[in-house]
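[1] The sequence and its predicted three-dimensional model are supplied below.
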Amino acid sequence: MEHDTNSFILLAAILVPLVTGVIALLGGRLNTSALRSISALGFGIPLIIGIYLFCNFDASLIGEYNFELRAPTGLESIGIYLHLGLNAISLPLFLLAGVVGLAAGLYAMNSKAERLNLYLALLLFMLGGLMGTFASVDVFFFYFFHEFALIPTFIMIGIWGGAGRRGAAIEMTIYLTVGALLSLLGLIALYVTSGVDSFSLLELRNYLSEQPLSETVQSNIFALLLFGFGILVSLFPFHSWAPKGYAVAPSGAAMLHAGVLKKFGLYGLLQIAYPLLPEGGEHWFSLIVWLALGNILFIGLVTIAQKDLKMMLGYSSVMHMGYAFLGLVTFSVVGVGGALLMMVAHGLSVALLFMLATCIYHRSQTFDMSAMGGLATKAPVLAAFFVAGTMASIGLPGFGNFWGEFTIFAALAETEHTRWLVAPAAIGIIISAIYGLRAVANIFFGQPKEVFVAQLESDTVVDLKLSEKVPALILIIALVITGLFPRLLSDNANSELANLYPVEDTLPHHEVMTLPSTTDAHKELTH
Amino acid sequence: MNELLAEFLHGYAATNEWTVIMPEIMLAILALGMLGAEMVLPKNSHGLIPRLAMWGQALILVVLLSAGCSFGGDPKGYFSGMIEQTNVTHMMRAFFLVCSIFVCYLGQIYLSKQNLAKTEFYHLVIIIAAAMMLLVQSAHFVMLFVALETVTVAFYVLVAYCRNNSLSLEAGLKYLVLGALSSGILLFGIVLLYGVAGNPELAGFSRDSLAYGELAKFIELNPDNLLVKVGALLVIAGICFKIGAVPFQIWVPDVYQGAPTPVTAYLAVASKAAGFIVLLTLVRGPLAGLSEFLVPVLSFIAAVTILFGNITAVTQRNVKRLMGLSGIAHAGYLLVGVIAALTIDWAVYAVIFYLVTYLLASFAVFGVMAHLADSADANQELEHYQDLARKRPFLSGILTCGLGSLAGIPPLGGFIGKLFLFVAAFQAGLYGLLAISVIGVVISIYYYFGWIRECYFGTQVAESESVESAPLLTADRVMLGALVLGTIAIGLVPAVLPIIP
C-alpha cells in the first residue's frame, strides 16, 4: 500500500497527544507554563490536523478511505493490522474529537486541579485514543483505541471525582466493561463467521456484500453488537451508569466522554453493524424502536424530575441518544445521516453544557438548581452561553442539533411503518424544552433563593473569565457552523451513506432522498 | 525382558545427546555450586549468593536462547524417546528460567525481612526450574513422573520455608498431603493406562506403552475402552491439582496465603504453566484419541473453574488469597485455550502467549506485594493498600499496570492474551465457554478494580497504620519497570513477543 504524507499526518493526530501526554506525565517537575504549552500542543494539533485533512478530503473515493495507512503490529496471524484512514462518516467525528478535545484541554489547563500534570496527561491519552478510534479502519483497533480512551476516564473519576465517586466509578467500570466485551465478542464473531480472515472493515464489507451471512447468524451477531454498543451509548435500560458517572466526573473527563467517547457505540452501529448486517438490523427493529422510545420518553420524564444540574445534563444526554437510534432504524440515507449530524452536534452541545455546569458550580458552590436563581445579573455572559447551549440541545434552528433531529423526523415520516414514531419523538422535544428552559430559569433568572442570596452577593461570583470563555466559544462556534452550514459535513456523508445503506428494490417505500440542504429546509420551514 | 532392556539401552545409547539438556545440567551445577559457595565463602560475603543465583541463571538463559537460534522447529526425540524437543518446549524452558530469576529476585526482598536460612532457598528454586524444564520436554510417563515429583517435593519444602510461622507450616502440611494424594492419583492413572495398553488381547498393544507415541497409537484404536477412559481421567485429575482447577482447587487459597510471597508467585506462575504445558502435550498427544470423551469433561471443569475462581475472589480481603483465587479463574481461561487447542493448532501458542502475559503481570503484582509486606508475610490485606498512590506512586503505578493486565484491559499485554484465547475459542466453536469467560472477566473487574481503587480513592489513613517498607533501590525500579514496560509493549505491539506463528 502506498502511503502519502497525509497518511502520516493522520497518524500524527494520534501520536502527538500520546507523546505530549507521556511528557506531561513524566515531567512532574516541569514548571506550570512549560507544562501548559506542551499540553496545548497536544490538545491543539489534532484539531489543526483534522481541519487540514478536512480540506484535503477527496469525497469522490466512495466506499474507500482517504489517507490510508497500514502497518503490522504482530497480530497479522489473525488478520489485524494497524489500519488507519478516514471516510466521510468518520471525518465529522474525527473533527468533533478534535474540537471537544481542544475545548476540554484549554479548560483543564487553567483549572486548579491537584496534580495538574497527571490530569492533563490522562486527558491527552484520552484524546489520542479518541482520534485513533475514529481514524481506524481495522475494527479491532477501533475497539482498542476506544478502550485506550476509556481507562483514563475511570482514573480521572477516581482521583478528581466528586462525592459518591467510589460507587459511581465501579458501576461505570463494570457496565462499560460488559458493553465493551460484548461488542468485542461481536467483532470477533464477525471476523470468524465471515471467513475473510481480516479485521479490516473494508475487506469485511467487500466480502460480506458479495456473500452475506445467513439471517440467523446476522441477527445473532447484530444482537451482540447492539447490546454491546448499546450499553456504551447508554441505551435504555442500560443507562444508569451514565448520569451517575457524569455527575461525579471532573469536567474534562465528562466533556470528552459524554461529548465524544460515548458516540463510539453509535458510530460502531452506524459504520459497522448496520451496513454489514442489514438483516440483523431488520430483525431487531422493533426492540430497538421500543428501547429508543424508552430513552426519549421515560428518561425524558426522569430528566424533568432532576434537581441536580449535572444529573440533569447526564440524563438529558442519555435521552438524546434515543433520537440517534431512531435515525438508525430507518435504514435510510436521510435517517442515518441525521443521526450522524446529531451525534456531532450533540457532542458539541453536551460538552459545552458540562463545562458551563462546572463554571456555574464555581460561582454557586452547589449543583442544586432549586437552590440558585438570579445568576444572570452577576454573570450575563455565562447565562448567554448556557442559554445558547440549552437552545442547541433542545434543537432550535441555527444549531447543528436542529438539522440532526429534523432530518431524523423527516426520515421517520418517510415510510409507512415508522411514521407513527414522529409523534412520541415530537413529545420528546417538548420534554427537553421543559427541562432545558426550566433549568435556565431556575439558575439564572428570577429571585435568588433565600439560601443563595448570601452566596450571590459574595465576591466569588464573577462573570466568565477569559480561560472559560475561550473553550466555550470554540464549542459554540463549532455548533453554529454545523447549524448554518451542515452541508460541509452532510454532502460528503450523503454519497458515502448511499453506498453503505443501499435502497433495496424490494422495498418500494424506501425512496432515494438526500439530506436537505440549508435552503431546502428553510423553504420547508416557511411553509 | 532382557531383550526389552537391551533394546531400550541400545536406543538410549543411540539417542542420548547430553548437549540438548545442557541448560538443565548447568542449572543443577549452579544449584550445587551455591551450596558449596556458602561453605567456602566467608560469612560477610554471603550477600553474593543471590547475585550469583540471578546472574548465573541469566547466563544460562543466554545459552539457552542462543542454542534456540539453531533450533530447527521439527520435534526431535532424545534419550530413547524420554525427551522430545519442540518449539513449545523451547519457549517454555526460557519461560521457566525467567520465572526462576524473578522468584530469586523476590526471594531476596523477602529473605531480607526474615531470619531464615538463605542459600537453600535459591538452591531449591533453581532445582525446581531445572525440573520444570525437563517436565515440559518429557515424552514418556516415567520421565514425566520423575520430573513432576522433583518439582513437587522441592515445593513441599519451599511452601513451609518460613518455619517459625504457623500459617506457613499449615500451608506446607496441606500442600504435602494433597500433593501426595494427587501424585498418587496421577500414578494410578498412568499405571492403568500402562496396564491396559500392554494387554496383548487388544488391538495396537505395546510393550512400551509408557511412551507417549506408543500410547497414542493404542488409544487411537481403543477409544471406548473403560480402563483407558478411567486412566485418562485420573491422569487429568492429577494435573488439574497442579493447575488448581475445580474440583482440585481446595488447597489454593490456604497454601497461597501461608507460603512465602516469592513461593506463592512461583506456584501461581511457573507451577501452573508447567501443568498446562503437560496437559496440552497429553491431550494433543497420547490422549488425542479420546477427544470426544475429554472435551465435555474439560469444558465442564473450565466453566466451573472460571466461575468458582472469580466468584470466591470477590469477597477476599487478603491479597495473597485474592491472587490465588483469581489465579484459579485464569486457569479456567487457559483451560478454554487447551480445549480450543484440540481442534485449532495455533491455540497452543495462544495459551503460551497468555502464560507469558500472565507471568509479567503476576510478577509485577507479587513484586509490589513483596516490597510492601512486613515480616508477617501472610497478613497482607487490602487495607494496607489504602492511599498507596500518594505514599508510593511508583509502586502503585506498577501495581495498577499489573492488575490491569490481569483484568485484561487494553492496551496492556493481558488484553492481547485474552484476545488470542477468545479468537481461538471462537474458531473452535466454544460459544458457551466464551460466554462464561466473559461473565468471569466482568466479575474479575470488580475485585481487580477494587484493589486499584484502594490505592487511589482510599481515605487518608494515619501514618502509623501505613505500610513501612524500605525505599526502592535502582535495581528494584529496573526489575519492576521492566515487567511493566514488557506488559505495555506487548499490549501496544504484540510483535515484540514472537510466539504466535
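    On my side now, so go ahead.
[2] wait, doesn't B:Glu381 sit right on B:Arg317?
    Yes - at 5.5 Å, B:Glu381 counts as touching B:Arg317 under the criterion of C-beta atoms under 8 Å. Any C-beta I mention is one placed from the backbone N, CA and C, and that applies to glycine too.
[3] The closest residue to A:Gly245 other than its chain neighbours: neighbour count?
    Once flanking residues are discounted, A:Gly245 sits nearest to A:Met172: 4.0 Å by C-beta to C-beta, 6 or more residues apart in numbering or on different chains. Per other C-beta atoms under 10 Å in any protein chain shown, the neighbour tally for A:Met172 reads 24.
[4] A:Met172: what's it in contact with?
    A:153-154, A:157, A:241, A:244-245 (C-beta atoms under 8 Å, 6 or more residues apart in numbering or on different chains).
[5] Beyond the top helix by length along chain B, next helix or strand please.
    Longest helix in chain B, counting residues (DSSP state H): helix B:166-197. Once the chain leaves helix B:166-197, the next helix or strand it forms, by DSSP states H and E, is helix B:212-221.
[6] Of all the helices and strands in the chain, which has the lowest average confidence?
    In the absence of a named chain, chain A is used. Lowest by mean pLDDT, DSSP states H and E among the helices and strands of chain A is helix A:518-526, with a mean of 45.
[7] and the residue in the stretch 401-527 of chain A positioned nearest to chain B, how many neighbours?
    Residue nearest to chain B within the stretch 401-527 of chain A: A:Leu500 (25.7 Å; C-beta to the nearest C-beta). By other C-beta under 10 Å, the residues close to A:Leu500 number 22.
[8] For the stretch 101-250 of chain A, which segments are assigned as helices?
    Here the stretch 101-250 of chain A has its helices, by DSSP state H, counting those that start in this stretch, at A:116-135, A:139-160, A:165-194, A:201-210, A:215-232, A:241-248.
[9] Sketch out the low-pLDDT regions of the chain for me.
    All of this refers to chain A. A:1-3, A:28, A:504-527 (pLDDT under 70).
[10] that's the other chain; I wanted chain B
    B:1, B:68-73, B:458-470.
[11] and it, which residues reach chain A?
    B:346, B:389, B:404, B:409-411, B:415-416, B:419-420, B:422-423, B:426-427, B:434, B:438, B:441-442, B:445-446, B:449-450, B:453, B:456-457, B:492-498, B:500-501 (C-beta under 8 Å from any C-beta of the partner chain).
[12] which one is the residue of chain B at minimum distance from chain A nearest to, not counting chain neighbours?
    Closest approach between chain B and chain A, counting by C-beta to the nearest C-beta: B:Ala495, at 2.6 Å. Excluding the flanking residues, the one nearest B:Ala495 by C-beta to C-beta, 6+ apart is A:Gly74, at 2.6 Å.
[13] longest helix anywhere in chain A?
    Under DSSP H, chain A gives helix A:333-364 as its longest helix.
[14] Next one: whichever residue of chain A sits closest to chain B from A:Val137, what distance?
    Going by C-beta to the nearest C-beta, chain B is nearest to A:Gly74 of chain A, at 2.6 Å. Separation of A:Gly74 from A:Val137 (C-beta to C-beta, to the nearest Å): 18 Å.
[15] same deal with A:Leu266?
    18 Å.
[16] Provide a list of residues in contact with the residue of chain A closest to chain B.
    Neighbours of A:Gly74 in contact, by C-beta under 8 Å, 6+ apart: B:493-498, B:500.
[17] swap in A:Val139?
    By C-beta under 8 Å, 6+ apart, the neighbours of A:Val139 are A:187, A:190-191, A:199-201, A:204, A:272.
[18] likewise B:Arg51?
    Going by C-beta under 8 Å, 6+ apart, B:Arg51 touches no other residue.
[19] quick one: which helix or strand includes it?
    helix B:48-69.
[20] Next: A:Gly85.
    Element membership for A:Gly85, per DSSP H and E: strand A:82-86.
[21] returning to that earlier point: who has more neighbours, B:Glu381 and B:Arg317?
    Neighbours per residue (other C-beta under 10 Å) separate B:Glu381 from B:Arg317, with B:Glu381 holding more: 15 against 11.
[22] quick one, what contacts the residue lying closest to A:Leu208 once chain neighbours are set aside?
    The shortest distance from A:Leu208 to any non-neighbouring residue, by C-beta to C-beta, 6+ apart, is to A:Leu276 (5.2 Å). Neighbour list for A:Leu276: A:190, A:204-205, A:208 [criterion: C-beta under 8 Å, 6+ apart].
[23] ok, 10 Å please
    A:139, A:190, A:194, A:201, A:204-205, A:207-209, A:212-213, A:218, A:221-222, A:225, A:500 (C-beta atoms under 10 Å, 6 or more residues apart in numbering or on different chains).
[24] Out of these, give me the one that has the most neighbours.
    Most neighbours among those, by other C-beta under 10 Å: A:Leu225, with 28 neighbours.
[25] Would you agree that residue is in contact with A:Leu270?
    No - between A:Leu225 and A:Leu270 there is no contact under C-beta atoms under 10 Å: 11.2 Å.
[26] can you put the helices of the stretch 101-250 of chain A in CSV and add distance to A:Ser332?
    CSV is the format used below for these (distance: least, C-beta to C-beta, whole Å):
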stretch, distance to A:Ser332
helix A:116-135, 23
helix A:139-160, 24
helix A:165-194, 23
helix A:201-210, 18
helix A:215-232, 18
helix A:241-248, 28
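[27] Of those, which stretch is the most buried?
    Stretch with highest mean neighbour count among the helices of the stretch 101-250 of chain A: helix A:116-135 (a mean of 27; mean count of other C-beta atoms under 10 Å in any protein chain shown).
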